[in-house]
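In: got a predicted structure plus its sequence, pasted below:
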Amino acid sequence: VFSVIVIEHPLVTFPTDMNRNSSFWINGLGNLTARGIDTMLKVGQYLRDRYINFSRGEPNETIVRSSPKYRCLNSAALVLEGLYPEKRPERVPTDENARASR
């Protein structure tokens, strides 16, 4: 089975957004919110439930590509964590968040 999955970050802030500078953005403005983190884990779990029976369930069967932004790298790691919970991928360290988001 071959599958291509594209995940976009649809959440954007609008000029009049009251949460724009709020603590709502726990990882900094423009990065994943708590809801976004939970959603990415659930996407991985969904993919596991949907596709893992078609493969041996080995991480080396999976190729992941991401743009270099922290939110994208973190999303990819979270999806993989949901897909392969027994083999937790390494996430981008939090202190690199600010550098990666600039």
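Out: Structure's in. What do you need?

In: ramachandran angles for residue 28?
Out: When quoted as degrees, to the nearest 10, the phi and psi of residue 28 stand at phi 100, psi 150.

In: ok, it - how many residues close by?
Out: Applying other Cβ atoms under 10 Å, we find 13 residues neighbouring residue 28. Every residue, glycine included, has its C-beta placed from N, CA and C.

In: what about it, distance to residue 51?
Out: Distance of residue 28 to residue 51, computed by Cβ to Cβ, to the nearest Å: 32 Å.

In: repeat that for residue 36.
Out: For residue 36 relative to residue 51 (Cβ to Cβ), the value is 22 Å.

In: so between those two, which is more surrounded?
Out: Using other Cβ under 10 Å, the more surrounded residue of residue 36 and residue 51 is residue 36, with 20 against 15.

In: check which helix or strand covers the more buried one.
Out: Using DSSP states H and E, residue 36 falls within helix 34-51.

In: repeat that for residue 8.
Out: Assigned by DSSP H and E, residue 8 falls outside every helix and strand.

In: same question, residue 82
Out: Per DSSP H and E: helix 70-83 holds residue 82.

In: okay, the angle between that helix and helix 34-51?
Out: With axes from the mean of the first three to the mean of the last three Cα atoms, to 10 degrees applied, the angle from helix 70-83 to helix 34-51 works out at 40 degrees.

In: and helix 70-83, what does it pack onto?
Out: On a contact count with 3 or more Cβ pairs under 8 Å, 6 or more residues apart in numbering; DSSP states H and E, helix 70-83 meets helix 34-51, helix 97-101.

In: so which of those helices is the most surrounded?
Out: Most buried of the helices and strands packed on helix 70-83, by mean neighbour count (mean count of other Cβ atoms under 10 Å): helix 34-51, with a mean of 15.

In: who's in contact with residue 64?
Out: 76, 79-80 (Cβ atoms under 8 Å, 6 or more residues apart in numbering).

In: adding pLDDT and neighbour count, write these out as TSV.
Out: As requested, the contacts of residue 64 are exported to TSV (pLDDT from 0 to 100; neighbours: other Cβ atoms under 10 Å):
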residue	pLDDT	neighbour count
76	91	20
79	91	26
80	89	22
